[in-house]
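**Q** Provided below are the primary sequence and the corresponding predicted coordinates.
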Amino acid sequence: MKADAWKGATLLAVTASLAGASAWAQDKLPTGAGRVDSGDTAWMLAASALVVAMIVPGLALFYGGMVRSKNVLGTMMHSFLILCVVSMVWVLWGYSLTFAPDQGGVIGALDWALLSGVGAAPHPVYAPTVPHLAFAIFQLMFAAFTPALIAGAFAERIRFSALLGFTIAWSLFVYAPLAHWMWGGGWLSKLGAVDFAGGTVVHICSGASALACALVLGRRRGWRTEYMAPHNLPLVLAGTGLLWFGWFGFNGGSARGANGVAAGALAATHLAAAAAALTWMAVEWSHRGKPTVLGIASGAVAGMASATAGAGFVGPVSAVLIGATAGALAYLAIVWKGKFGYDDTLDVVGLHGVGGLVGMLGVGLLASAAVNPAGPSGLVFGNPAQLGLQVLAAVVAAVFSFVGTYIILKVLDGMITLRVSTEEEATGLDLSQHNERAYS
Amino acid sequence: MKLVEAIIKPFKLDEVKDALLEIGVQGMTVTEVKGFGRQKGHKETYRGTEYTIEFVPKVKIEVAVTDAQVPKVLETITRAAKTGSIGDGKIFVRDLNAAVRIRTGEAGEGAL
């Protein structure tokens, strides 16, 4: 009664790829595709490691500390499992569908399934001075981080097998197309919308998808009546630190080289995080009377999310403004969440949805070709048209992610049970899903 | 023999322990508990969600004493645990039917 349908599809795809992929150990790129630069390559490889740290254990700790102790292992498991599963599907078809030569603006070809042709020689467009494989692995981390973020929306109540099926289907039907549209030569990028490191592809996407998840899965039992406070805030802080550390790779590595743009992206990330953290802290202090640790950590994450769209396009002061805005708006979003009544358990919508949106708008306003000659300028620097493109991309990302996720969940719901039983939810994910206890 | 059970504020534990040792009480058992009497709880806020925590952390001390010791023990605990503000706690006295020292097998008041 499990989702044999998707298991079968996977098997079919593997067989087809194996049959279709020829000379998978050899490069098929034209000669003269670019000389590998050791500095650029070193940075890209390091950046991949940094982003891995954001997922395991960064996000695992950040989310794990926020749930109740009976669910900490189950929650941390989500990050680990998603990293592993997405890594596999990325090799099978994910990278190819996202980045291989564009088919009608909608999706990539399957030329690079099983990473066929993706090797030591650089790709002339994506990363001309870095081995193609290094770029592919770097992008893998983004493909894994995004669904790992979404998992926060249905924490404490998703069945493990449902998470597994969801991850595979979602990566294929939501992430690959959207990432292709923005980064793989698809229609949004052709229109001129830009997204440096994932304001739409990662943050707006995960925020909108998370909203769909929260609505379909429903609220946790005892929501708003039972005590569901974070069980271990020190873990949350440790996770926040790793996210901050790793985000330098997330945004800095998106420069695809060790250069001035990477430096600017790292600076923008850091400054936006700090500004957002302080702004959230200030708003919370005045609104509630005390600055909280969870607040400053959340503000920082919202800031990092807001830096992502434009890290390589805006200057340091612009980054501070974008971060501060994100910190304040994310705080408001969290306060308003209660009024809407949906249980987005770990605030993916409020932090990443809002942060990503602020970032995309920030590009439309504050991008500057003086900072990055390869990028656009925004309204403030003389190009009002960019703002419209950014808004369009943001809206497309939000709507597509929400609708796509909603459909996937409804289909899955028809095949397997998405949510744990009432008794399992009371016992906790750790024991009910994994037969394990976190703290003896 | 009596079992004296005292619920006190946690930070008063050391003071009460020292005072009891001074009057000749040989040992005690301590448990972390929560509860409330007239003391109100407190509020905690996590990302906009507010929780009212009604139960307040307390410490329960249990000492087994002879009937003769009881008045002195009650007076000592009260003196050491008191702060004057709401939430200082309560002391209960139960009958103790038997007591045994496991190492030696002594029973009755010799086991206390």
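**A** Yes, it's here. Residues are numbered from 1 along each chain as shown, chains lettered A, B, ... in the order given.
**Q** which residues of the stretch 1-150 of chain A fall in helices?
**A** Secondary structure of the stretch 1-150 of chain A (DSSP state H, counting those that start in this stretch): helices located at A:4-20, A:38-53, A:60-64, A:72-89, A:95-99, A:132-150.
**Q** can you pull the residues of chain B lying near chain A?
**A** Chain B has residues B:44-49, B:51, B:53 near chain A, with proximity defined as CB under 8 Å from any CB of the partner chain. Any C-beta I mention is one placed from the backbone N, CA and C, and that applies to glycine too.
**Q** any of these buried? List them.
**A** The neighbour count (16 or more other CB atoms under 10 Å in any protein chain shown) marks B:45-48, B:51 as buried among those.
**Q** restricted to strands, list those.
**A** Using DSSP state E, the subset of those located in strands is B:45-46, B:51.
**Q** could I get the residues you listed as JSON lines with pLDDT?
**A** Listed next are those as JSON lines, based on pLDDT from 0 to 100:
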{"residue": "B:Thr45", "pLDDT": "86"}
{"residue": "B:Tyr46", "pLDDT": "89"}
{"residue": "B:Tyr51", "pLDDT": "88"}
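**Q** closest one of those to A:Phe99?
**A** Compare each of those with A:Phe99 using CB to CB and the shortest gap goes to B:Tyr46, at 40.0 Å.
**Q** which residue sits closest to that closest one in space, ignoring its chain neighbours?
**A** With CB to CB, 6 or more residues apart in numbering or on different chains as the criterion, B:Tyr46 has its nearest non-adjacent residue at 5.1 Å, and that residue is A:Ala229.
**Q** that neighbour belongs to a helix?
**A** No - judged by DSSP: H, G, I helix; E, B strand; the rest coil, A:Ala229 forms no part of a helix; its state is coil.
**Q** who are the contact partners of it?
**A** B:44, B:46, B:49, B:51 (CB atoms under 8 Å, 6 or more residues apart in numbering or on different chains).
**Q** for A:Leu243, state which of the residues you listed is nearest.
**A** Using CB to CB, B:Tyr46 is the member of the contacts of A:Ala229 that lies nearest A:Leu243, at 18.5 Å.
**Q** ok so, going back, out of the helices of the stretch 1-150 of chain A, the one nearest chain B is which?
**A** Nearest to chain B among these is helix A:60-64; the distance by CB to the nearest CB comes to 12.8 Å.
**Q** packing partners for the longest helix belonging to chain B?
**A** Counting residues, the longest helix found in chain B (DSSP state H) is helix B:70-81. Packed against helix B:70-81 by the contact rule (3 or more CB pairs under 8 Å, 6 or more residues apart in numbering or on different chains; DSSP states H and E) you find strand B:2-8, helix B:13-22, strand B:56-65, strand B:89-95.
**Q** just those: most buried one?
**A** strand B:2-8 (a mean of 20; mean count of other CB atoms under 10 Å in any protein chain shown).
**Q** starting from that one, tell me which strands it pairs with and how they run.
**A** Strand pairing for strand B:2-8, determined by DSSP bridges: strand B:56-65 (antiparallel), strand B:89-95 (antiparallel).
**Q** next, the angle helix B:70-81 makes with the last one.
**A** Comparing the axes of strand B:89-95 and helix B:70-81 via axes from the mean of the first three to the mean of the last three CA atoms, to 10 degrees yields an angle of 160 degrees.
**Q** next one: the longest one
**A** With the same axes, to 10 degrees defining the directions, strand B:56-65 sits at 150 degrees from helix B:70-81.
**Q** return strand B:56-65 as CSV; C-alpha atoms alone will do.
**A** Extracted as CSV, the C-alpha positions of strand B:56-65 are listed here (Å, rounded to 0.1, in the frame of the first residue of the first chain):
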residue,chain,number,x,y,z
VAL,B,56,6.3,26.6,39.3
PRO,B,57,9.4,24.6,39.9
LYS,B,58,9.9,23.5,43.5
VAL,B,59,12.0,21.1,45.5
LYS,B,60,10.6,18.4,47.8
ILE,B,61,12.7,17.3,50.8
GLU,B,62,11.8,14.2,52.7
VAL,B,63,13.3,13.4,56.0
ALA,B,64,12.5,10.4,58.3
VAL,B,65,12.7,11.4,61.9
